[in-house]
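> Predicted model and sequence below, questions to follow.
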2 protein chains.
Amino acid sequence: MENYTIRRMLPGDCTDILSAIKELAKALKAEEQVVIKEEILLSDGFGENRLFECFVAEYDDAIVGYVLYCTMYSSWVGKKAFMEDLYVKPKHQRHGVGTRLWRTAVKEALKDGCNQMEWGACSWNTSAIEFYKRKGAINITDIEQFHTYRLSSESMHKFVNSAEKMGDSDGER
Amino acid sequence: MENYTIRRMLPGDCTDILSAIKELAKALKAEEQVVIKEEILLSDGFGENRLFECFVAEYDDAIVGYVLYCTMYSSWVGKKAFMEDLYVKPKHQRHGVGTRLWRTAVKEALKDGCNQMEWGACSWNTSAIEFYKRKGAINITDIEQFHTYRLSSESMHKFVNSAEKMGDSDGER
């Protein structure tokens, strides 16, 4: 473990982080869904209104893993964290790097006042799920029959535009 | 519909919003999970670093529904919105109030640069799900076998503390 360093991402890391994001998406069989660009990561990840936090794992000055999370809000418990990605390159797995990255994110989220951490995992990804469960994770989908629904950008526009066509104002005052 | 007004929440609405949050949680058979206090809603919902947005539906100057959402982050598409709650009191359902509240949130989220909207629904809540699907919603849990996992606040503390006991520093520099 001595050769691995966990640190907060720096602007110059965005090229490597994007490449790791694509690698993880490929492993999840969803590479075509990655449309984000390096300059978006840069502008959303730094500055006053940061939209996410990211920590990287380095080995011999190369980024070999990352954890990316954001805050979200629960009307039941208040501020919470959503872990979007936790990834370690295959060659560097089984050295405790994922645990350290994840723990760093959990620690920071607690410091930032988050009352829960949530994330998604595909049900076929059993080795990841076993890893999560060993740290006390519970499956909300199983326990509460919680399913995730999504409106794509296209559906969002369609929803809003359909009302405007009908002359149905939102009546906001 | 003329008698219903949709407007952004005001600080003075927090009492009514909290009462509606509890009503919705009761309908979802999870009332005991609501630990949030009115003063937290007030401090998190207003000011410079707002953690959520909320619109309310009024009828005869009384709040009869609300939509509460926050932003989150996708490493695949960037900024997105998470709709935490969409609720209309039973007496005022079937008047299009839910659609208008939801549409207001979708419109605002688009204006704010969000590329998707996600939310959760219990699989037994079939009337809500049919309503969502009519607006173009897709079920990520079914399509991508996406399950939601959670670490409670207690598990988060346990995870962090276990490392400190072992003397395993996070090595952040």
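Nice, I can see it.
> Could you tell me which other helices and strands the least confident helix or strand in chain A by mean pLDDT packs against?
Of all the helices and strands that make up chain A, helix A:153-165 has the lowest average by mean pLDDT, DSSP states H and E, namely a mean of 91. Judged by 3 or more Cβ pairs under 8 Å, 6 or more residues apart in numbering or on different chains; DSSP states H and E, helix A:153-165 is in contact with helix B:97-111, strand B:116-122. For every residue, glycine as well, the C-beta is placed using N, CA and C.
> show me where chain A has helices.
A:14-27, A:38-45, A:97-111, A:126-134, A:140-144, A:153-165 (DSSP state H).
> Go through these and pick out the most buried.
Each of the helices of chain A was scored by mean neighbour count; the highest is helix A:97-111, a mean of 21, by mean count of other Cβ atoms under 10 Å in any protein chain shown.
> anything in that helix near chain B?
Yes: using Cβ under 8 Å from any Cβ of the partner chain, we find that helix A:97-111 touches chain B at A:100, A:102, A:103, A:104, A:106, A:107, A:109, A:110.
> mind putting those in JSON lines, pLDDT included?
As requested, these are arranged in JSON lines below (pLDDT from 0 to 100):
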{"residue": "A:100", "pLDDT": "97"}
{"residue": "A:102", "pLDDT": "98"}
{"residue": "A:103", "pLDDT": "98"}
{"residue": "A:104", "pLDDT": "98"}
{"residue": "A:106", "pLDDT": "98"}
{"residue": "A:107", "pLDDT": "98"}
{"residue": "A:109", "pLDDT": "98"}
{"residue": "A:110", "pLDDT": "98"}
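> So what's the model's average confidence on stretch A:138-149?
For stretch A:138-149, mean pLDDT is 97.
> Point out where chain A drops to low pLDDT.
Residues of chain A that meet the criterion pLDDT under 70 lie in A:1-2, A:165-173.
> Could you pick out the longest strand of it?
For chain A, the longest strand by residue count, based on DSSP state E, is strand A:62-74.
> ok, it: who's next to it in the sheet?
strand A:53-59 (antiparallel), strand A:78-88 (antiparallel) (DSSP bridges).
> mind checking how far it is from the chain centre?
Strand A:62-74 sits 5 Å away from the centroid of its parent chain (Cα atoms, centre = their mean, to the nearest Å).
> tell me which residues in it are buried?
Across strand A:62-74, burial judged by 16 or more other Cβ atoms under 10 Å in any protein chain shown covers A:63, A:64, A:65, A:66, A:67, A:68, A:69, A:70, A:71, A:72, A:73, A:74.
> hang on, the earlier thing: would you mind putting the helices and strands packed on helix A:153-165 into a markdown table with distance to chain A alongside?
Output for those, formatted as a markdown table (distance: least, Cβ to the nearest Cβ, whole Å):
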| stretch | distance to chain A |
| --- | --- |
| helix B:97-111 | 5 |
| strand B:116-122 | 4 |
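> TSV for the ones you listed, including distance to residue B:142?
As requested, the helices and strands packed on helix A:153-165 are exported to TSV (distance: least, Cβ to Cβ, whole Å):
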stretch	distance to residue B:142
helix B:97-111	21
strand B:116-122	12
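> so residue A:145 makes contact with residue B:123?
Yes: Residue A:145 lies in contact with residue B:123 (Cβ atoms under 8 Å); the separation is 4.3 Å.
> could you measure residue A:111 against residue A:79, distance?
Distance, residue A:111 to residue A:79, using Cβ to Cβ, to the nearest Å: 12 Å.
> repeat for residue A:116
For residue A:116, the distance to residue A:79 - Cβ to Cβ - is 9 Å.
> so how far is residue A:133 from the closest residue to residue A:129 other than its chain neighbours?
Nearest residue to residue A:129, sequence neighbours excluded (Cβ to Cβ, 6 or more residues apart in numbering or on different chains): residue A:121, at 5.6 Å. As judged by Cβ to Cβ, residue A:121 and residue A:133 stand 10 Å apart.
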